[in-house]
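Asker: attaching a predicted model along with its sequence, questions to come.
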Amino acid sequence: MDDVLVVGEALVDIVHRGSGIVEETPGGSPANVALTLGRLDRAPVLVTRLGRDERGIRLRRWLDESGVEVRGVDAARTATATAHLDPSGAATYEFDLDRSLVDDPAQLPELVGDVDLLHVGSVAAVIEPGAEQVARLVRAARPQALVTYDPNIRPSLVDDASAVRARVEELVALADVVKASDEDLRWLQPGDDVLEVARRWAARGPSFVVVTLGADGALAVTAGGDVVSVPGVATEVVDTVGAGDTFMGALIDGLLSAGATGRGLRAAGGGGIPSSELEALLRHGARAAAITVARAGANPPRRAELTTLAA
């Protein structure tokens, strides 16, 4: 079994729907990625902070039911993200969370150990002091692990935009595979064409960079400059909560199925995955995301559902 480690926040989404209904559901970008991988039978480990309160108990149960092992660091309370949905189902967020991954950096080695694939992203990867702890993990794991990264920027949490942009650039250079939404890139590089941003990132270290485009599908740029794109999968959108995280989890699943390794991608100089296989990875992610947006909340598909849609 592949040893997959996901590092970052797990929280409770408090969703305010246009109808006036308020719902609480488990979430958090890294937790959603881990959940997707668990439902695709990858047995991931999630390193995160959780309270011992009722919300934390719900989160642990939610993750356990999908085959995710939690290595939790105790927090005073479980983090929350309040999401307000517009008429199209798109969400904006307000956060209440601990900004540190661990209380003592000496805890990090025992939480992580040896891994084949490390995924990091979102709030935990850019907001200090947790961001430096995450970067330290990436540097330590990179010699033996394939590293994937999703910035998943939350502007409402950003106090220092220049510091966040610098941290993102550092993690992009350390990662083997980067996935970002077009909204992320427009916030990170305002005024720049998203394809050109992806080209610059791909030239800095990753084997390839994926940009998700919502209903318009996704594209990828390789370190060698090749561009691959796929259309979106037609579906009726309930909301977009967890869609990008589902895409990321499915992308990682596809990499594992292809036998990709960090050393292999780096040795190949960006040509480790042929364009045809890269297109298949994008389609795999797009199908998974289409299932998630067709139902409420971060509710990624299980392997059987994804296989059925692909048939």
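Answerer: It's in. Here the structure is a predicted model, which is why all the values come from computation and not from measurement. Numbering: from 1, shown residues only.
Asker: on the three-state scheme, Arg199 is what?
Answerer: Three-state assignment for Arg199 (DSSP: H, G, I helix; E, B strand; the rest coil): helix.
Asker: can you map out the strands along the stretch 201-311 of the chain?
Answerer: 208-212, 218-222, 227-230 (DSSP state E, counting those that start in this stretch).
Asker: residues in contact with the first one?
Answerer: Outside strand 208-212, the residues within contact range by Cβ atoms under 8 Å, 6 or more residues apart in numbering are 172, 177-182, 185, 194-195, 198, 201-202, 218-223, 244, 247, 251, 270, 273, 278, 282, 285, 289. (C-beta placed from N, C-alpha, C; glycine too.)
Asker: and stretch 84-96, by the same measure?
Answerer: Under Cβ under 8 Å, 6+ apart, the answer for stretch 84-96 is 11, 15-18, 79-83, 123, 154, 156-157, 237-241, 293.
Asker: for that stretch, what is the distance to the chain centroid?
Answerer: Centre-to-centre, stretch 84-96 and its host chain are 18 Å apart (Cα atoms, centre = their mean, to the nearest Å).
Asker: which residues are in contact with the residue nearest to Glu170 when sequence neighbours are not counted?
Answerer: Nearest non-adjacent residue to Glu170, counting by Cβ to Cβ, 6 or more residues apart in numbering: Ala135, 6.4 Å away. Contacts for Ala135 (Cβ under 8 Å, 6+ apart) come out as Ala125, Arg167, Glu170, Leu171, Leu174.
Asker: so Ala135, which state does it fall into?
Answerer: Secondary structure, three-state DSSP: Ala135 is helix.
Asker: for the lowest-mean-pLDDT helix or strand in the chain, name the packing helices and strands.
Answerer: Within the chain, no helix or strand scores below helix 108-112, which has a mean of 73 by mean pLDDT, DSSP states H and E. Contacts defined by 3 or more Cβ pairs under 8 Å, 6 or more residues apart in numbering; DSSP states H and E place helix 108-112 against helix 130-141.
Asker: what's the following helix or strand after the helix it packs on?
Answerer: Per DSSP states H and E, the first helix or strand lying C-terminal to helix 130-141 is strand 146-150.
Asker: show me how far that following strand is from its chain's centre.
Answerer: 9 Å.
Asker: the inter-axis angle of the helix or strand just after that strand versus strand 146-150?
Answerer: For strand 146-150, the following helix or strand on the C-terminal side (DSSP H and E) is helix 161-174. Angle, helix 161-174 to strand 146-150, by axes from the mean of the first three to the mean of the last three Cα atoms, to 10 degrees: 150 degrees.
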